[in-house]
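# got a predicted structure plus its sequence, pasted below:
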Amino acid sequence: MTIEELHKVFLNFPKVCIDTRKISTNCLFFALKGPSFNGNAFAQEAITNGAAYAVIDDAQYKASDKFILVDDVLQTLQQLATYHRLHSKAKIIALTGSNGKTTTKELIAGVLSQKHQIIATKGNLNNHIGVPLTLLTIKENTEIAIVEMGANHQKEISFLCQLAQPDFGYITNFGKAHLEGFGGIEGVIKGKSELYEYLVANGKHVFLNGDDPIQIEKLQYYIKKIGFSQNEGSYYHIKFKGADPFVHIQVEDLYIKTQLIGAYNFSNCAAAILMGTYFNVELPSIKIALEQFVPENNRSQILEKNGYTIVLDAYNANPTSMKAALEAFKEMPGQRKTVLLADMYELGESTRVEHQNLAELVEKMHFDTCFLIGENFHKTHTTCTTFSSFEALADQLKKSPLEKGTLLIKGSRGMAMERILDLL
């Protein structure tokens, strides 16, 4: 079956599923394989549970005409997604960066949906499987698709661009994330800039932060760029008015009070404003979208529980985002401040140095209490209290609960620091 023929099947059954636990009636099941599973073995279960067809790449599992045999299921999924994208009218905005991708994507989606029919990446489905799944949610009436792209090594963004073939792109920032895979900060810049390389090579438009020297340097000779800045007169002027702890912004004569904490969220909001104005969303509608947005899923959430005010930023962590979160927490009003920071992953050879640097930074900020959790922080030389594991911290908190006050909870996803909430 050709991709064109498969696309006709998809248009009749425009729902894609890759997990038999989440089968919906009349979906297309793609039997993906992984190191420890073979989706082909679940194809019959998918059909039994209501899938219209199952796309497989092992002939021994073809039990009827409801099984579509291809050479490689993953490549077929990717090719189908690109074919579908090219046969849609939607404009594609690609989004990547070291920090703030998902929050920025949600802000952009909220703003553009005030005027346009949009789709956006669900959650953080931003890899070689997630991007095709996102593209396949584009409908006939979709005007704009916001596609988040994640990467932990070079050439990954380049590949995702070939799949999505974006019309526009934006990089949130270049930070110390996935240093192990990228081979250091220069590797991060090179890898993320693959989005710029695609857009420039294909004459597409770039959105940029005009106050980011790396972005300015990378795009200094490129004409098709649309930027925001607090200072540079040639870009759209958007002003950061402070964080109390929530970010306040002025754009033209409009004042916006967001529900996002920390100065680091200003550029995320500014990108959404910039794209909103470019796509003709009126400023009052932009204001509504930004002021209504409330972070969730352990990303810069402010919670109240049992006398504690909690900044829960436990979705992920790297040296850049840790520093930004600490600086925002330092400026935040609150009684008796306690920081609980957990290990940062995927730092490679920089692991020891980056954890030591963070420990020293925390010491200089003079918080009332500081707990550092995980094997890497436990090896640092610091006056902060360290714990070799989350379990060790939990044992301590059961014996001696934290004093009431304001808490910052942050760590890499693998540390699952949101578990602390159950101990308060």
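Everything's here; your move.
# quick one, what contacts the nearest residue in space to Cys17 that is not next to it in sequence?
Once flanking residues are discounted, Cys17 sits nearest to Cys27: 4.4 Å by C-beta to C-beta, 6 or more residues apart in numbering. Where C-beta positions appear, they are placed from N, C-alpha and C, glycine not excepted. Residues in contact with Cys27 (C-beta atoms under 8 Å, 6 or more residues apart in numbering) are 13, 15-17, 50-52.
# could you rerun that using 10 Å?
Contacts for Cys27 (C-beta atoms under 10 Å, 6 or more residues apart in numbering) come out as 13-18, 46, 49-54.
# how close does it sit to Leu163?
Distance, Cys27 to Leu163, using C-beta to C-beta, to the nearest Å: 21 Å.
# now swap in His7 and tell me
Taking C-beta to C-beta as the measure, His7 falls 15 Å from Leu163.
# again, but for Thr258
According to C-beta to C-beta, Thr258 and Leu163 sit 32 Å apart.
# ok, now Asp72?
According to C-beta to C-beta, Asp72 stands 15 Å off from Leu163.
# more neighbours, those two?
Per other C-beta atoms under 10 Å, whichever of Asp72 and Leu163 has more neighbours is Leu163, with 20 against 11.
# quick one: buried residues of the helix or strand where that one lies?
Assigned by DSSP states H and E, Leu163 falls within helix 156-164. Buried residues in helix 156-164, counted by 16 or more other C-beta atoms under 10 Å: 156-157, 159-161, 163-164.
# for it, C-alpha coordinates in PDB please.
The C-alpha coordinates for helix 156-164 follow below in PDB (Å, rounded to 0.1, in the frame of the first residue of the first chain):
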ATOM      1  CA  GLU A 156      17.300  15.400  15.900                       C
ATOM      2  CA  ILE A 157      15.800  18.800  15.300                       C
ATOM      3  CA  SER A 158      16.900  18.600  11.600                       C
ATOM      4  CA  PHE A 159      15.100  15.300  11.200                       C
ATOM      5  CA  LEU A 160      11.900  16.600  12.900                       C
ATOM      6  CA  CYS A 161      12.000  19.700  10.600                       C
ATOM      7  CA  GLN A 162      12.000  17.300   7.600                       C
ATOM      8  CA  LEU A 163       8.900  15.600   9.000                       C
ATOM      9  CA  ALA A 164       7.000  18.800   9.900                       C
END
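# output the contacting helices and strands for that helix.
When contacts are defined as 3 or more C-beta pairs under 10 Å, 6 or more residues apart in numbering; DSSP states H and E, helix 156-164 sits against helix 73-86, strand 91-96, helix 130-135, strand 144-148, strand 168-171, helix 185-192, helix 194-201.
# immediately after the shortest one, which helix or strand?
Okay, so that is strand 168-171. Beyond strand 168-171 in the direction of the C-terminus, DSSP H and E gives the next helix or strand as helix 179-182.
# check the last one too.
Counting by DSSP H and E, the next helix or strand C-terminal to helix 194-201 is strand 205-209.
# pull out the buried positions in whichever helix or strand comes after that next one.
Counting by DSSP H and E, the next helix or strand C-terminal to strand 205-209 is helix 213-218. Neighbour-count burial for helix 213-218 flags 215-216, 218 (criterion: 16+ other C-beta under 10 Å).
# now do the phi/psi pair for Thr369.
Note on Thr369: its backbone torsions stand at phi -140, psi 140 [degrees, to the nearest 10].
# dig out what Phe371 forms beta bridges with.
Applying DSSP bridges to Phe371 yields these beta-bridge partners: Leu340, Thr385.
# look up how far Leu397 lies from it.
If you go by C-beta to C-beta, the gap between Phe371 and Leu397 works out to 9 Å.
# with neighbour numbers in mind, choose between the two.
It is Phe371, of Phe371 and Leu397, that has more neighbours when counted by other C-beta under 10 Å, with 22 against 17.
# pretty sure the more buried one sits against Gln396.
Yes: if you go by C-beta atoms under 10 Å, Phe371 and Gln396 touch, sitting 8.2 Å apart.
# tally of neighbours for Pro35?
Number of residues near Pro35 (other C-beta under 10 Å) recorded here: 4.
# contacting residues for it?
Pro35 makes contact with no residue, according to C-beta under 10 Å, 6+ apart.
# can you pull the pLDDT of it?
Per-residue pLDDT puts Pro35 at 88.
# can you pull up the most central residue in this structure?
Thr102 (3.1 Å; C-alpha atoms, centre = their mean).
# that residue contacts Met149, correct?
No: if you go by C-beta under 10 Å, Thr102 and Met149 don't touch, sitting 11.4 Å apart.
# now do the shared contacts for these two.
The contact sets of Thr102 and Met149 overlap at 95, 121, 126 (C-beta under 10 Å, 6+ apart).
# tell me which element the last one falls in.
Counting by DSSP H and E, no helix or strand carries Asn126.
# OK, contacts around the nearest residue to it once chain neighbours are set aside?
Leaving aside its sequence neighbours, Asn126 sits nearest to Gly150 (C-beta to C-beta, 6+ apart; 3.7 Å). Contacts for Gly150 (C-beta under 10 Å, 6+ apart) come out as 95-97, 101-102, 121, 124-128, 130-131, 156-157, 160, 177-178.
# distance of Gly150 from Ile273?
Gly150 sits 24 Å away from Ile273, going by C-beta to C-beta.
# quick one: the strands in the stretch 1-150 of the chain?
16-17, 28-30, 33-34, 37-38, 53-56, 67-69, 91-96, 118-120, 144-148 (DSSP state E, counting those that start in this stretch).
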